[in-house]
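Visitor: the sequence and its predicted three-dimensional model are supplied below.
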Amino acid sequence: MINKIKEILNKITVGKVFIAGLLMLPMTLLFPESIICEYVSALGSAITFMTISSKFALFFIWFLHLTFLMSMRGTTERAEKYISDLKSEHLKSGKEIFLGRSK
């Protein structure tokens with residue numbers, strides 16, 4: 001019995017979990033009065049977010065950093081200016097490293 005469960009679990013891939021999460025998302029649109037469908041939709045969005053973030057972890061770390069930064073700084077303009085300053089510092093340090101190695 002345990003081996004049968006292990007075989008079934010081994011057949012589940014990340015793609016199948018992602019598709020299942022996407023299929024759960026429109027449940028509240030189909031049945032707006034059902035509280036169970038709201039929970040299923042929330043579960044679907046959590047599963048979808050989890051699978052995407054596990055595949056593109058660096059992008060989501062950057063995205064969470066950006067949203068945290070915007071909430072802490074207060075305005076989008078200041079956050080965009082801060083990020084552009086970070087990019088310019090990163091490019092400048094990259095040029096220094098590259099030029100330092102080529103000497």
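Guide: In hand now; what should we look at?
Visitor: helices of this protein, residue ranges please.
Guide: In the chain, the segments counted as helices under DSSP state H are 2-11, 14-24, 27-30, 35-55, 57-73, 76-102.
Visitor: tell me how many other residues surround the closest residue to residue 50 other than its chain neighbours.
Guide: Spatial nearest neighbour of residue 50, chain neighbours left out: residue 21 (7.9 Å); criterion: C-beta to C-beta, 6 or more residues apart in numbering. C-beta: built from backbone N, CA, C; applies to glycine. Residues near residue 21, counting by other C-beta atoms under 10 Å, number 19.
Visitor: who touches residue 21 in this structure?
Guide: 43-48, 50-51 (C-beta atoms under 8 Å, 6 or more residues apart in numbering).
Visitor: now with 7 Å?
Guide: Residue 21 makes contact with 44, 47-48, 51, according to C-beta atoms under 7 Å, 6 or more residues apart in numbering.
Visitor: save these as JSON lines, and put in distance to residue 36 too.
Guide: Converted to JSON lines, those look like this (distance: C-beta to C-beta, whole Å):
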{"residue": "44", "distance to residue 36": "12"}
{"residue": "47", "distance to residue 36": "16"}
{"residue": "48", "distance to residue 36": "19"}
{"residue": "51", "distance to residue 36": "22"}
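Visitor: let me know the closest of those residues to residue 29.
Guide: residue 44 (11.7 Å; C-beta to C-beta).
Visitor: now the nearest residue to the closest one once chain neighbours are set aside: how far from residue 84?
Guide: In this structure, residue 44 finds its nearest non-sequential neighbour in residue 24, 2.5 Å apart by C-beta to C-beta, 6+ apart. For residue 24, the distance to residue 84 (C-beta to C-beta, to the nearest Å) stands at 38 Å.
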